[in-house]
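*Asks:* Sequence plus the predicted model coming up.
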Amino acid sequence: MEDNVDTPKPEQRWLPLESNPEVSFHFPHGNEPTRGESPPLMLTSVITALVHKLGVAEEWSYTDVYGLEPELLAMVPQPVLAVLLLFPCSKNYEQFKIEEEARLTKLEQNISPKVYFIKQTIQNACGMMALLHSIANNEKIVGPGILQKFIHKTKHLSPDERAEFLENYTELADAHSEGAQQGQTEAPNLEDDVDLHFVCFVEADHHIYELDGRKSFPINHGKCANLLEGSAKVIKHFMERDPDNLNFTVVALAPTLK
């Protein structure tokens, strides 16, 4: 009689949104990015078009955050419902991530039950993870469609169960693939890995939370009166850990400019 052996699941891979050169780092006028400069215009247009197609109300869009200083944050329409950060996964960051998880595991931080969090088990899917985190924590802006269906079916599941549901949710995978290929003249390679990563910041019970599906749990960054301003303070710490890296992009989910 043969022994029962668990067969490991094959690794799932999606086309990364952040690998598209027309989307991720298409800076205006061909200038090289500088710290605090406007994020690429194509990124906001592509992810906004994607979520509108999936059911998010057109009154809400992802918009550029031109810098982290007060006068530049004031240019972003309010209220801001979520903030997305695209940044390089450096050795400094990966080491910090390990140390942070060990510290917070011992600390047993308080996490609001209102926070929707999903683990990332699909390679290169961090862009969609950030979109899901930004929208599922603001369910009121979602109408009938693929996203609403996903949120309703996973609302009462654990973060790991949500990840497993996503692995089998082909409608969302197909929509993500279409968005990842937008604007590219050549078909991207599914096996390519990228060194950029998305995380999302949302507010719940007057606290700001960092949501990253590669981490074991949400990160509670404490009380905040304004999500955008609070996120900017946290993002500055990301930049301080890698002072020689210029590839930081910040985007806000905010009212659509008329």
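*Replies:* Perfect, I can see it now.

*Asks:* CA atoms for contacts and neighbours, from now on please.
*Replies:* Will do.

*Asks:* Leu196: what's it in contact with?
*Replies:* By C-alpha atoms under 8 Å, 6 or more residues apart in numbering, Leu196 lies in contact with 18, 86-89.

*Asks:* now do Leu73
*Replies:* So Leu73 contacts 65-67, 228-229 (C-alpha under 8 Å, 6+ apart).

*Asks:* just the helices in the stretch 151-258 of the chain please.
*Replies:* Along the stretch 151-258 of the chain, counting by DSSP state H, counting those that start in this stretch, helices occupy 159-167, 170-181, 227-241.

*Asks:* wait, which of those helices is closest to Thr44?
*Replies:* Nearest to Thr44, of all the helices of the stretch 151-258 of the chain, is helix 170-181, at 11.6 Å by C-alpha to C-alpha.

*Asks:* So the closest residue in space to Asn138 that isn't next to it in sequence versus Ala204, what's the distance?
*Replies:* Distances taken as C-alpha to C-alpha, 6 or more residues apart in numbering place Leu81 nearest to Asn138, at 7.0 Å, with adjacent residues excluded. Distance of Leu81 to Ala204, computed by C-alpha to C-alpha, to the nearest Å: 10 Å.

*Asks:* Please report the distance of the closest residue to Pro70 other than its chain neighbours from Cys89.
*Replies:* Excluding the flanking residues, the one nearest Pro70 by C-alpha to C-alpha, 6+ apart is Glu229, at 7.7 Å. Distance of Glu229 to Cys89, computed by C-alpha to C-alpha: 23 Å.

*Asks:* Between the two, which is the more surrounded one?
*Replies:* Taking neighbours as other C-alpha atoms under 10 Å, Glu229 and Cys89 compare with Glu229 leading, 17 against 14.

*Asks:* which helix of the chain spans the most residues?
*Replies:* helix 91-107 (DSSP state H).

*Asks:* report the angle between the axes of that one and helix 227-241?
*Replies:* With axes from the mean of the first three to the mean of the last three C-alpha atoms, to 10 degrees defining the directions, helix 91-107 sits at 120 degrees from helix 227-241.

*Asks:* oh, and call the first residue 756 from now on, that's how I've got it
*Replies:* With the count now opening at 756, the last piece we talked about shows up as helix 846-862.

*Asks:* Average pLDDT for helix 846-862, rounded please.
*Replies:* Averaged over helix 846-862, pLDDT sits at 91.

*Asks:* send the alpha carbons of the very next helix or strand once past that helix over as CSV?
*Replies:* Counting by DSSP states H and E, the next helix or strand C-terminal to helix 846-862 is helix 881-891. This file holds the C-alpha atoms of helix 881-891, laid out as CSV (Å, rounded to 0.1, in the frame of the first residue of the first chain):
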residue,chain,number,x,y,z
CYS,A,881,1.3,42.5,-4.8
GLY,A,882,-0.3,45.2,-7.0
MET,A,883,-3.6,43.5,-6.9
MET,A,884,-3.2,42.8,-3.2
ALA,A,885,-2.8,46.6,-2.6
LEU,A,886,-5.9,47.3,-4.7
LEU,A,887,-7.9,44.7,-2.8
HIS,A,888,-6.8,46.1,0.5
SER,A,889,-7.6,49.6,-0.5
ILE,A,890,-11.1,48.7,-1.8
ALA,A,891,-12.2,45.9,0.6
